[in-house]
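Engineer: missing the sequence, but the structure's below:
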């Protein structure tokens, strides 16, 4: 976020204490006077302290040892977090999360790991001597994935957390090798970048047991590459939103290999349905808007009753994602409702075309967009990033798809 956006989030949330790094403090400096902040604590700052700001390490050092936490009564539905999520228009909305939301996500993650172990036929026996697992955190903590599914999960499950200040695939490979990372991921493009990195085959990556990702469409080709490059690693793909406190569905293990174009079935105690334009449930196989209900769904949007009423109804979250279900309730995300192209009256789902492009060995990344067309209304266009030293031509890619 830029300074103006940070100012908006702090003002909208009513925050009184700010913890930030020096880079964020610098961006916010012109806006401090307009904010009702009681304290500003800055980390990763080599410069002398600015008047009115405290260094994080000094605040930490001044804390007395052995201080007991205050007694606190917490209820499941007490509000715990505000995560800002950008919409297609207007200012970001603060998704108001609860303690139940966070704990539901932890239980869902634990269940999917247990289910994967049981389905594999080789559930590990309890072993106190087993080396500690290590998770590489390569996405921000202000994302539901980074906070709820990685920070909270690693803390709860006793994993070592290896943090990156900023994403870089070569740095990620260095950390995986040095810290014996057992699990890494992020969004699919980050996994692709690791697989395509120059030093990939020069690194010892034998510690990797899991590669998980979500947050964006993932081509079926990605699961094949992971199985090829990480023989001991199990790929997994999840689906969720800020409003679902991270995970809603999870596809992993043999299920993922068998259905690489699905984001998996819903996690326990989470319901999904696909509805038509009149908000009526559709049968398996038909495409409509995906709705989600469960203890992982946030209360609504902070101080935005109109936006809350538009997105939530009777406990159901209207995701804005187009999807279909199969007979086993596996979810297939087809596209964002607003990203779908309409060419000559026919619906075209960008993800399907992107997946075909990813199947080409020399395509690293692809995004399908709509181009104005006088007769058809829209024509399909694609922006494609190819692998280094690729000689593939535009016509060859057209022929491929």
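Structural biologist: Everything's here; your move. For clarity, every value in this text was computed on a predicted model and none was experimentally measured.

Engineer: Could I get the contacting residues of residue 339?
Structural biologist: Shown in contact with residue 339 (CB atoms under 8 Å, 6 or more residues apart in numbering): residue 350. Yep, even glycine has a C-beta here, placed from its N, CA and C like the rest.

Engineer: Which helix or which strand is home to it?
Structural biologist: Assigned by DSSP states H and E, residue 339 belongs to no helix or strand.

Engineer: Tell me the buried residues in stretch 297-311?
Structural biologist: Across stretch 297-311, burial judged by 16 or more other CB atoms under 10 Å covers 297-302, 304, 307-308, 311.

Engineer: Kindly report the same for stretch 371-383.
Structural biologist: For stretch 371-383, burial by neighbour count (16+ other CB under 10 Å) applies to 378-380, 382.

Engineer: related to what we said a few turns ago, columns secondary structure, distance to residue 127 and pLDDT on top of the buried residues of stretch 297-311, output as CSV?
Structural biologist: Converted to CSV, the buried residues of stretch 297-311 look like this (DSSP: H, G, I helix; E, B strand; the rest coil; distance: CB to CB, whole Å; pLDDT from 0 to 100):
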residue, secondary structure, distance to residue 127, pLDDT
297, coil, 36, 98
298, coil, 37, 98
299, coil, 40, 96
300, strand, 44, 97
301, strand, 45, 96
302, coil, 44, 97
304, coil, 49, 94
307, helix, 49, 92
308, helix, 47, 95
311, helix, 45, 94
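
Engineer: Which pair in the residues you listed has the greatest spatial separation?
Structural biologist: Put simply, by CB to CB the two of the buried residues of stretch 297-311 set farthest apart are 297 and 304, 15.9 Å from each other.

Engineer: coming back round to it: dump the buried residues of stretch 371-383 into JSON lines; add pLDDT as well.
Structural biologist: As requested, the buried residues of stretch 371-383 are exported to JSON lines (pLDDT from 0 to 100):
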{"residue": "378", "pLDDT": "82"}
{"residue": "379", "pLDDT": "89"}
{"residue": "380", "pLDDT": "92"}
{"residue": "382", "pLDDT": "95"}
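
Engineer: Sketch out the helices for the stretch 101-250 of the chain, chain order is fine.
Structural biologist: For the stretch 101-250 of the chain, applying DSSP state H, counting those that start in this stretch gives helices covering 144, 152-157, 169-179, 188-196, 220-229.

Engineer: sorry, back to before: and which of the buried residues of stretch 371-383 is nearest to residue 233?
Structural biologist: Set against residue 233, the nearest of those by CB to CB is residue 382 (29.9 Å).

Engineer: who touches the closest one in this structure?
Structural biologist: Residue 382 touches 353-354, 357, 366-369, 397, 401, counting by CB under 8 Å, 6+ apart.
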